[in-house]
Structure formats: structure tokens, C-alpha cells
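In: quick one: sequence and predicted model below, then my questions.
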Amino acid sequence: MLTIRRSAERGHANHGWLDSFHTFSFANYYDPSHMGFGALRVINDDRIAAGRGFGTHGHRDMEIITYVLDGAIAHKDSMGSGSTIQPGNVQRMSAGRGVMHSEFNPRADQETHLLQIWIEPDVTGIAPEYEEKTFSDEQKRGRLQALVSGDGIDGSMKIHQNVRLYAGLFDGDESATLDLAPGRRAWVHVARGSVVANGIELAAGDAVAITDETRVALSGGKDAEVLVFDLA
């Protein structure tokens, strides 16, 4: 079964310095029919104005993944971690029993565009963790590269949940498939460009939930950058 979630159907909040689209219920956007998908709880499509950002705030018991599309995001946290994440870098933070952090756009003349992803963990109260890793365009070109997973497959960063998150770049004749094990389902999110997923044409910001199917099939990309979540 394929269930389409179009970009324009998402929740939207524009705070001036932050323009954010919410795939699932978040903050003041509440839709009981879109509370998450399996352990996937948040996909926020954020654009942050130059020199602005999120002041110090806290999280707990959540796996948080930051995927930068354009610009940069500077991160500092109570674990002593500090870094500037740019396109190609992926950041994962296990909030565990509690972490404080701040995020801001360090560029004086460029907007930052990123995806903020939250995944509910399968364990709570652990010590917080921080990790980042670079995945090149070559690793993602015409294929699905694992970014984070519960088992560290294909050089991915390990998180505390039985989920695999992949990213791929597709243009022209490039295509890829992902087999889904029995009982698994997938969420496909188009970060930019357009692509055909299991026969459905998707544009930037669109998504499709794939359930009771045996695979994810991506083709017909036009400058597409795609995230695929393989979930229980």
C-alpha cells in the first residue's frame, strides 16, 4: 500500500528567522492522523536565516539526526561537542537521559536549509552520545547509502533503534531498489528535485509511506536527493 504525503499538506510555521515545514505533528502543528510513522517521529524541513538559530535547549530520550542540504549549522552541547555541519556531513545525537545544545547558522550572508529528524529510541535513560560522519556525493550517487542504523550496516552510524536511514542522489537513468523484509515498511522523503518511487511521482517535500510491499524502487530522478527510512 502506498500513502502519499504531499509537501503542501505538511504543517507550516514561519517565524521570520525560521521557516519550517513539519511532516508530522510538531510544536503548534497537531494532526492526529500524522503523529509519526513507526519509530519515525519528526521530519522538519527547516530554513534558518543568516546569523540566526536555536538558543540552548534540552532533549531527552530521542535519536536526533541533522541532514544539511545547503549552508551550515553550528552545534554546541553539554557533552562538550562542538562542530559546524555542512552538506555531506550527517550528525546524530542520542539525547538519552538529557542533553542541552544550541544550533545556529554561522553564515552572515547565506540561509541554511536542513532536515531535522527525530527517531524514538528502543532504550531510555542512557548516557547521551554525539557523532558525525561525512558521506560523499559519490557514495550516494545512483544508490542508497546507509547513514544511520541499529546495526551499523555499510559504514553507517549506529543509533538506538531498529531503523535504517538511507540517502541517495538520482538523475536521469540512475535507479535503485531496497528490499523490505517481511513486517518492514518504508518512508520515502524527497529532500529536493523529483523522483518516481514505486510508480508515484514525487517532488521536493513530498513523501510516500510504503507498507505491505516487498521493496522500494526509485527511478526517473531529476536532480533528486532522497531519504529512505526502513522501519519495523
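Out: Now that the structure is in, tell me what you want to look at.

In: from here on, contacts and neighbour counts on C-alpha atoms
Out: OK.

In: could you measure from the nearest residue to Arg6 once chain neighbours are set aside over to Val190?
Out: Leaving aside its sequence neighbours, Arg6 sits nearest to Asp206 (Cα to Cα, 6 or more residues apart in numbering; 4.4 Å). Look at Asp206 and Val190: by Cα to Cα, to the nearest Å, they are 6 Å apart.

In: is His57 in contact with Gly98, as I believe?
Out: No - using Cα atoms under 8 Å, His57 is not in contact with Gly98, being 10.4 Å away.

In: now do the buried residues in stretch 149-165.
Out: Within stretch 149-165, the residues that count as buried by 16 or more other Cα atoms under 10 Å are 149-151, 156-161, 163-165.

In: and these as a markdown table, adding pLDDT?
Out: Listed next are those as a markdown table, based on pLDDT from 0 to 100:
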| residue | pLDDT |
| --- | --- |
| Ser149 | 98 |
| Gly150 | 97 |
| Asp151 | 95 |
| Ser156 | 98 |
| Met157 | 98 |
| Lys158 | 98 |
| Ile159 | 98 |
| His160 | 98 |
| Gln161 | 98 |
| Val163 | 98 |
| Arg164 | 98 |
| Leu165 | 98 |
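
In: strands - which of those residues land there?
Out: 149, 157-158, 163-165 (DSSP state E).

In: what does the longest strand along the chain contact?
Out: In the chain, assigned by DSSP E, the strand with the most residues is strand 215-231. Strand 215-231 is contacted by residues 38-39, 162-180, 184-198, 210 when judged by Cα atoms under 8 Å, 6 or more residues apart in numbering.

In: in ChimeraX, how would I select just the buried ones from those residues?
Out: Applying 16+ other Cα under 10 Å to these, the buried members can be selected in ChimeraX as follows:
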select :38,39,163,164,165,166,167,168,169,170,171,175,176,178,180,184,185,186,187,188,189,190,191,192,193,194,195,196,197,198,210
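
In: narrow the contacts of strand 215-231 to those in strands?
Out: Under the assignment DSSP E, the contacts of strand 215-231 contribute 163-170, 176-179, 185-197, 210 to strands.

In: in the ones in strands among the buried residues of stretch 149-165, find the pair that's most separated.
Out: The distance between the two most remote of those (Cα to Cα) is 11.4 Å, for Met157 and Val163.

In: on that earlier part again, CA atoms only: put the longest strand of the chain into CSV for me.
Out: The C-alpha coordinates for strand 215-231 follow below in CSV (Å, rounded to 0.1, in the frame of the first residue of the first chain):
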residue,chain,number,x,y,z
ARG,A,215,10.7,-3.3,-1.9
VAL,A,216,11.3,0.4,-2.5
ALA,A,217,12.0,1.2,-6.2
LEU,A,218,13.4,4.7,-7.1
SER,A,219,13.9,5.9,-10.7
GLY,A,220,13.2,8.9,-13.0
GLY,A,221,15.1,11.3,-10.8
LYS,A,222,15.6,14.9,-11.8
ASP,A,223,18.4,16.4,-9.5
ALA,A,224,16.8,14.3,-6.7
GLU,A,225,18.1,13.9,-3.2
VAL,A,226,16.0,11.3,-1.4
LEU,A,227,15.9,9.9,2.1
VAL,A,228,14.5,6.4,2.7
PHE,A,229,13.6,5.1,6.1
ASP,A,230,13.4,1.3,6.6
LEU,A,231,11.3,0.7,9.7
